[in-house]
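Enquirer: Structure for the following, please:
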Amino acid sequence: MNTTSTHDTKRSEDVRARINVLSELDNTWLSRLHRWSRWNRPYQKVLKGRSVPDPSEESLLYQTMLGAWPLEPGEEAAFVERLVGFMLKALREAKTHTSWISPDLEYESAVESFIRNSVIPHGKSRFMEDFMELQKAVAFYGYHNALSQTLLKMTSPGVPDFYHGTELWDFSLVDPDNRRPVDFEKRVRLLEELKDREPAGLDELLKDLVGNRQDGRIKLFMIRKTLNFRNSHRELFARGEYIPLEGAGRRREHVIAFARRWRKQWAVVAVPRLVARLLQKQKPLLPKERWPALQIILPSECPEKWRNIFTNGTVLPKRLASSQWVLPINTMLDKFPVVLLDGAEQ
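Expert: The predicted structure follows:
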């Protein structure tokens, strides 16, 4: 079973997809971490000669804020309460300064006070303004990570598992936060709208989804298209071979690709990685000029014609002088953030 979020996940799949971006922004993250800690020092309390929260707890707080900050401004006030609950549970489970068996209520109260005094939505403090600047960048790159992660889950060997609510963006924290009611009526309505709009104009729909990625419909669209493809190619995904594919050309380290094969059925999956390093500016798609001549090397016995499941476009591989077949990836990622190809039979 391929699982990315469960009832016991400390931070949901889309939260982690954002936080992972920090590994690409290490210098930026470290400088901000030190700066924020210095600015928020007046809100710390000293207990038994120790500043509260300690450096590890403060770092955990800022990382979680970057990963879970809500998309809608109207949810920000409630987020502070969710953040307090997350941190208090994390403190007890870490068992460093407090625990479930022997809780230190004074220490926990000091951490809660630190959060409430420093994390003020719409606040004009140096910290909040600086935080929101980085959070917007992390959220943007995290959206690419989240789509890539979800497509890999659905197409890798195994059975994809979806925790309720993750059909759209889900920025839940540890339980009971990740057990809040899910608006299934909204998801059904959005799904029906996608189904109705696609036949009328796929290109316009894709532009709408990419341009309004913050509403989560792009994730729902990708899940629907991929699961429908799995359903119509059951043997391919249940019994098919997994074939890792290598990239060719510049930026090849920025793509993960593999093929699935069962008899005459083929599929190719390609997703970007380390997007923050790749893009100089925050753009909703990966422009082909940033992927010069990026190609994926295919097995020699592959089909001669492919269909892009998300864009419905036809993709034709090229044969190199070395007799290798290659697929141009740069032009496909220019239209949708991830790639799933159906290999038509010969």
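Enquirer: Show me the longest helix that occurs in this structure.
Expert: Counting by DSSP state H, the longest helix found in the chain is helix 126-155.
Enquirer: And that one, what's buried?
Expert: Within helix 126-155, the residues that count as buried by 16 or more other Cβ atoms under 10 Å are 127-128, 131, 134-135, 138-155. Yep, even glycine has a C-beta here, placed from its N, CA and C like the rest.
Enquirer: got it, and stretch 212-225?
Expert: Under the neighbour-count criterion of 16+ other Cβ under 10 Å, stretch 212-225 has Arg213, Gly216, Arg217, Ile218, Lys219, Leu220, Phe221, Met222, Ile223, Arg224, Lys225 buried.
Enquirer: Kindly report the same for stretch 59-67.
Expert: With the criterion 16+ other Cβ under 10 Å, stretch 59-67 contains buried residues Leu60, Leu61, Tyr62, Gln63, Thr64, Met65, Leu66, Gly67.
Enquirer: Would you state the strands of the chain in chain order?
Expert: Secondary structure of the chain (DSSP state E): strands at 2-3, 45-47, 50-52, 160-161, 241-244, 247-248, 255-262, 265-272, 295-298, 306-308, 314-315, 318-319, 325-328, 339-343.
Enquirer: Residues in contact with the second one: which ones?
Expert: Residues lying outside strand 45-47 but in contact with it, judged by Cβ atoms under 8 Å, 6 or more residues apart in numbering, are Ser51, Val52, Glu106, Tyr107, Ala110, Ser113, Phe114.
Enquirer: and the gap between the last one and Val84?
Expert: To tie it back to what came earlier, the one meant is Phe114. From Phe114 across to Val84, the span is 10 Å (Cβ to Cβ, to the nearest Å).
Enquirer: In terms of packing, which of these two has more residues around it?
Expert: Taking neighbours as other Cβ atoms under 10 Å, Phe114 and Val84 compare with Phe114 leading, 23 against 17.
Enquirer: Touching, that one and Gln44? I think so.
Expert: Yes: between Phe114 and Gln44 there is a contact at 6.0 Å, judged by Cβ atoms under 8 Å.
Enquirer: Overlap of the contact sets of these two?
Expert: Val52, Pro53.
Enquirer: ranges for the helices of the stretch 151-300 of the chain?
Expert: For the stretch 151-300 of the chain, applying DSSP state H, counting those that start in this stretch gives helices covering 184-200, 202-211, 217-232, 234-239, 275-278.
Enquirer: Which among those helices is found nearest to Leu91?
Expert: helix 275-278 (30.4 Å; Cβ to Cβ).
Enquirer: Tell me the buried residues in the closest one?
Expert: Val275, Ala276, Leu278.
Enquirer: for stretch 238-256, same thing?
Expert: Result for stretch 238-256 [16+ other Cβ under 10 Å]: buried residues Gly240, Leu245, Gly247, Ala248, Gly249, Arg251, Arg252, His254, Val255, Ile256.
Enquirer: Quickly list the domain ranges of this structure.
Expert: Listed by automatic domain parsing, the domain ranges of the chain are 9-139, 235-346.
Enquirer: mind giving me TSV with the ones you listed and columns for distance to Leu173 and mean pLDDT?
Expert: Formatted as TSV, the domains of the chain follow (distance: least, Cβ to Cβ, whole Å; pLDDT from 0 to 100):
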stretch	distance to Leu173	mean pLDDT
domain 9-139	4	95
domain 235-346	23	84
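Enquirer: With that, I have no additional questions.
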